[in-house]
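> quick one, structure for this:
(3 chains)
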Amino acid sequence: MKSALREQILTILAAIPSGRVTTYGRIAAMTEGGTPRLVARALRDLPKGHGLPWFRVITASRKLADHPGAAEQRDRLAAEGVMLDARGRAPTERLWP
DNA sequence: AGCGTGACTACCA
DNA sequence: ATGGTAGCCACGC
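Here you go, the predicted model:
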């Protein structure tokens, strides 16, 4: 069986509205005992066609995390109206509480 | 049990 | 603001 914590992380992930983003730390804070590392690991371990909006998760500095899917993430976010500025940072208003 | 690793953060120069 | 560093914590070898 999978850890309840990971399920909670995925549940929160699925709850992020389209066109909004949130951070690893925010998700971790919403869980019980979660840490940003755990959230990152949970995303990395996701199966390919899970259908969850993994691309709506960014770092605390509002940039895309350094990972192999970053380019795709940038495109997917743009498709939802989340444009990154010249420094690659997402606007604060797009942050999901 | 110990050690290295990573889709992170917070802190400090 | 930018870059380096220490802390964190589950996982795999």
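> from chain A, which residue is nearest to DNA strand B?
With CB to the nearest atom of the strand, the shortest gap between chain A and DNA strand B falls at A:H67, namely 2.7 Å. Placement of C-beta: from N, CA and C, glycine included.
> report the longest helix in chain A, please.
helix A:4-15 (DSSP state H).
> who's in contact with whichever helix or strand comes after that one?
As assigned by DSSP states H and E, the chain's next helix or strand after helix A:4-15 is strand A:22-23. With contact meaning CB atoms under 8 Å, 6 or more residues apart in numbering, strand A:22-23 is reached by A:I16, A:P36, A:R56, A:V57, A:I58, A:T59, A:A60, A:R62, A:L95, A:W96.
> how about the contacts made by the second one?
A:P36 sits next to A:T23, A:Y24, A:G25, A:A28, A:A60 when contact means CB under 8 Å, 6+ apart.
> save those as CSV, and put in pLDDT and distance to A:E7 too.
Listed next are those as CSV, based on pLDDT from 0 to 100; distance: CB to CB, whole Å:
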residue, pLDDT, distance to A:E7
A:T23, 95, 20
A:Y24, 95, 17
A:G25, 94, 19
A:A28, 93, 14
A:A60, 94, 23
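> just the buried ones from those?
With neighbours counted by 16 or more other CB atoms under 10 Å, the contacts of A:P36 contain buried members at A:T23, A:Y24, A:A28.
> ok, and of the contacts of A:P36, which contact DNA strand B?
A:T23, A:Y24, A:G25, A:A60 (CB under 7 Å from any atom of the strand).
> among these, which pair sits farthest apart?
A:Y24 and A:A60 (7.1 Å; CB to CB).
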